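no sequence for this one, just the structure:
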């Protein structure tokens, strides 16, 4: 049976409210996967993905990057919340690292088998976690944003899978090639899977703007690719 619930945690003096899901049929530690949300903050989409991952045998933790009660209701609010972390990338990295440690400390989780996935802004957050040199097995970015922070990229210990819409206006072909060069220098195991005629937000059923459109095919293919990647990297 999948059990899902709020999970409140603190980073420094700030309180955060994530969402934790796992199968209660076993008490054995299992791989842990954290989910980093898009620019609107933790929402129903992220909770659903956590429950899907729990159904696959993972302990899944949809994290909160903005703080308890800080959720956007408009695009303007979302942009403002995201802007706070876009202009302070060390803070974004610190919150990602703290969330990873929170996941590893959970009794349901094998701390030696952890992964991080992220959507849009969350994809950038996963890349910044890897750029910090954090110890986790696998990172997956769904239609993420690729600009590197000013801070020097450390050796990336995680294997990385980048799931990318080739026509994404927020991650152009040139920016994607630049990311590939960064990964070639710092990451020993990386791959980019690009979907043709596909833009940003291809996993979001509500995305319906030019350049940012849901794609049922890319959504299915990206989830399938992620599932196989996690199975490989989180095997006991």
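Happy to help now that I have it. Predicted model only: the values in this text are computed from it and were never measured. Numbers count the residues shown, from 1 in each chain.

So what's the residue count around the residue lying closest to residue 1 once chain neighbours are set aside?
Nearest residue to residue 1, sequence neighbours excluded (CB to CB, 6 or more residues apart in numbering): residue 24, at 5.2 Å. For glycine as for every other residue, the C-beta is placed from the backbone atoms N, C-alpha and C. Using other CB atoms under 10 Å, residue 24 is surrounded by 10 other residues.

So what's the residue count around the nearest residue to residue 169 once chain neighbours are set aside?
Excluding its sequence neighbours, the residue lying closest to residue 169 (CB to CB, 6+ apart) is residue 211, at 4.3 Å. By other CB under 10 Å, 13 other residues sit near residue 211.

Quick check: residue 211 touching residue 168?
Yes: using CB atoms under 8 Å, residue 211 is in contact with residue 168, at 7.3 Å.

Overlap in contacts, the two.
199, 200 (CB atoms under 8 Å, 6 or more residues apart in numbering).

Show me what counts as buried in the helix ranked longest in the chain.
In the chain, taking DSSP state H as the definition, the longest helix is helix 216-233. Across helix 216-233, burial judged by 16 or more other CB atoms under 10 Å covers 218, 219, 221, 222, 223, 225, 226, 229, 230, 233.

how about the residue nearest to residue 169, what does it touch?
167, 168, 169, 199, 200.

how far does the helix or strand hosting residue 179 sit from the chain's center?
Secondary structure from DSSP states H and E places residue 179 in helix 173-186. Relative to its parent chain, helix 173-186 has a centroid offset of 19 Å by CA atoms, centre = their mean, to the nearest Å.

Next, the residues that contact the next helix or strand after that helix from outside, please.
With elements assigned by DSSP H and E, the helix or strand that comes after helix 173-186 is strand 190-195. By CB under 8 Å, 6+ apart, the surrounding residues in contact with strand 190-195 are 156, 159-166, 176, 179-180, 183-184, 202, 215, 217-218, 221-222, 225.

quick one: strand 190-195 to helix 173-186, angle?
160 degrees (axes from the mean of the first three to the mean of the last three CA atoms, to 10 degrees).

Pairing partners for the helix-or-strand element of the chain with minimal mean pLDDT, with directions?
The weakest-scoring helix or strand in the chain, judged by mean pLDDT, DSSP states H and E, is strand 208-209 (a mean of 93). As defined by DSSP bridges, the strand partners of strand 208-209 come to strand 212-213 (antiparallel).

Alright, that wraps it up for me.
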